[in-house]
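**Q** return atomic coordinates for the entry below.
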Amino acid sequence: MWGRDSAHVAEMAEARENARYLPGASFPYNLVVHDSLDATLDGIRDILIAVPSHALREIATAIKPFVAEDTRVCWATKGFELGTGKLPHEVIAEVLGASLSLAVLSGPTFAKEVGDGLPTALTIASNGSDFAGDLAKALSGPNFRAYTSDDIVGVEVGGAVKNVLAIAAGMSDGLGFGANTRIAMITRGLVEMTRLGVALGARKETFMGLAGMGDLVLTCTDNLSRNRRMGLALAAGKSVKEAETEIQQVVEGVMAAEAVHEVADKLGIEMPICQQVYGILYRGLSPREAVGSLMSRELKREDGSAGAT
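**A** Next comes the predicted model:
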């Protein structure tokens with residue numbers, strides 16, 4: 001395992017755990033921690049990248065010298081690239097080449113619960129069925145189960161949009177709106193996620209799986225979610241900066257809200273909940289104003305067509 005912070009790597013190597021971010025989850029005996037990419041990737045065929053979306057291109061560029069024709073690359077990154085609107089697989093293909101075997105790992109997986117050995121399931125989507133299957137076998141165990149898919153776009157869109165919706169869910173609960181509001185937000189948020197994903201080439205059914213509805217419900221309803229906690233803090237009147245300082249980790253949904261707004265606007269996709277979250281984070285809209293705007297929208301059929309009937 002590689003890390004860029006040499007001091008942190010030394011701490012992890014000595015403690016045999018990541019005490020800074022995942023205390024109590026001991027490393028397996030055969031996990032070696034390095035601060036050198038040369039030492040980490042020497043003789044390695046399969047590479048798993050676990051970084052925030054804004055760092056993906058930088059890391060892909062850093063590992064490029066170590067990538068061979070038979071290298072297989074997987075990532076657990078969630079989110080569109082800000083500025084370009086590219087999904088992770090597009091960034092990886094652009095930097096490392098589209099001919100490689102590529103895969104994305106996503107789903108309802110709080111790191112703390114995985115570290116505690118609690119039963120967990122997720123999805124691995126690959127552009128080559130062998131790679132997804134090989135990863136599923138390698139990662140699965142008594143308390144960890146991986147399902148496979150070939151819908152990389154759907155799995156990635158689910159992971160990107162759910163973080164924005166989790167901020168909305170946190171704000172809803174923080175304002176005391178109750179269970180009815182929370183479930184309405186999650187349900188209509190799933191519609192927005194699916195709408196964007198299908199426009200980008202994903203399959204609709206992917207969003208009813210672990211990487212869609214599964215990850216969305218988890219992130220919107222449990223306070224282990226940093227994005228949900230961001231929403232709670234905003235509802236309490238804190239600024240984004242104050243909330244990030246309090247949470248002390250990257251809150252992917254903040255940047256994802258801007259990126260999703262850019263992509264949806266470019267494609268002409270209606271995503272009212274995500275648009276309101278963007279307005280709160282970047283345009284000074286208050287959470288209560290956002291709710292009022294959502295509730296006063298034109299009445300429609302649930303399938304999206306206009307009219308109250």
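**Q** which intervals of this protein have sub-threshold pLDDT?
**A** 129, 305-309 (pLDDT under 70).
**Q** now do the domain split for it, please.
**A** The chain breaks down by automatic domain parsing into domains covering 6-151, 153-295.
**Q** out of those, deepest packed?
**A** domain 153-295 (a mean of 20; mean count of other C-beta atoms under 10 Å). Just so you know, the C-beta spots here come from the backbone N, C-alpha and C atoms, and that holds for glycine as well.
**Q** ok, residue 66 - contacts?
**A** 37, 38, 41, 42, 44 (C-beta atoms under 8 Å, 6 or more residues apart in numbering).
**Q** all helices of the stretch 51-200 of the chain, in order?
**A** 56-63, 88-96, 111-115, 129-139, 152-174, 178-199 (DSSP state H, counting those that start in this stretch).
**Q** make a markdown table from the ones you listed and add distance to residue 290 to it.
**A** Formatted as a markdown table, the helices of the stretch 51-200 of the chain follow (distance: least, C-beta to C-beta, whole Å):
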| stretch | distance to residue 290 |
| --- | --- |
| helix 56-63 | 30 |
| helix 88-96 | 28 |
| helix 111-115 | 30 |
| helix 129-139 | 39 |
| helix 152-174 | 8 |
| helix 178-199 | 11 |
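**Q** for those helices, which one sits closest to residue 223?
**A** Distance to residue 223, taken as C-beta to C-beta, is lowest for helix 152-174 among the helices of the stretch 51-200 of the chain, at 8.5 Å.
**Q** and the angle for that closest one with helix 129-139?
**A** Interaxial angle, helix 152-174 versus helix 129-139 (axes from the mean of the first three to the mean of the last three C-alpha atoms, to 10 degrees): 50 degrees.
**Q** between helix 152-174 and helix 178-199, how many degrees?
**A** Going by the same axes, to 10 degrees, helix 152-174 makes 160 degrees with helix 178-199.
**Q** would you mind putting the CA coordinates of helix 152-174 into PDB?
**A** The C-alpha trace of helix 152-174 is given here as PDB (Å, rounded to 0.1, in the frame of the first residue of the first chain):
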ATOM      1  CA  ILE A 152     -19.200   1.200 -15.400                       C
ATOM      2  CA  VAL A 153     -21.000   4.400 -16.200                       C
ATOM      3  CA  GLY A 154     -24.000   3.500 -14.000                       C
ATOM      4  CA  VAL A 155     -21.900   2.500 -11.000                       C
ATOM      5  CA  GLU A 156     -19.900   5.700 -11.300                       C
ATOM      6  CA  VAL A 157     -22.800   8.000 -11.600                       C
ATOM      7  CA  GLY A 158     -24.500   6.400  -8.600                       C
ATOM      8  CA  GLY A 159     -21.400   7.000  -6.500                       C
ATOM      9  CA  ALA A 160     -21.100  10.600  -7.700                       C
ATOM     10  CA  VAL A 161     -24.700  11.800  -7.300                       C
ATOM     11  CA  LYS A 162     -25.400  10.100  -4.000                       C
ATOM     12  CA  ASN A 163     -23.000  12.400  -2.200                       C
ATOM     13  CA  VAL A 164     -24.900  15.500  -3.300                       C
ATOM     14  CA  LEU A 165     -28.200  14.000  -2.200                       C
ATOM     15  CA  ALA A 166     -26.700  13.000   1.200                       C
ATOM     16  CA  ILE A 167     -26.000  16.700   1.900                       C
ATOM     17  CA  ALA A 168     -29.700  17.400   1.100                       C
ATOM     18  CA  ALA A 169     -30.800  14.600   3.400                       C
ATOM     19  CA  GLY A 170     -28.600  15.900   6.200                       C
ATOM     20  CA  MET A 171     -30.100  19.400   5.800                       C
ATOM     21  CA  SER A 172     -33.600  18.000   5.800                       C
ATOM     22  CA  ASP A 173     -33.100  16.200   9.000                       C
ATOM     23  CA  GLY A 174     -31.200  19.100  10.500                       C
END
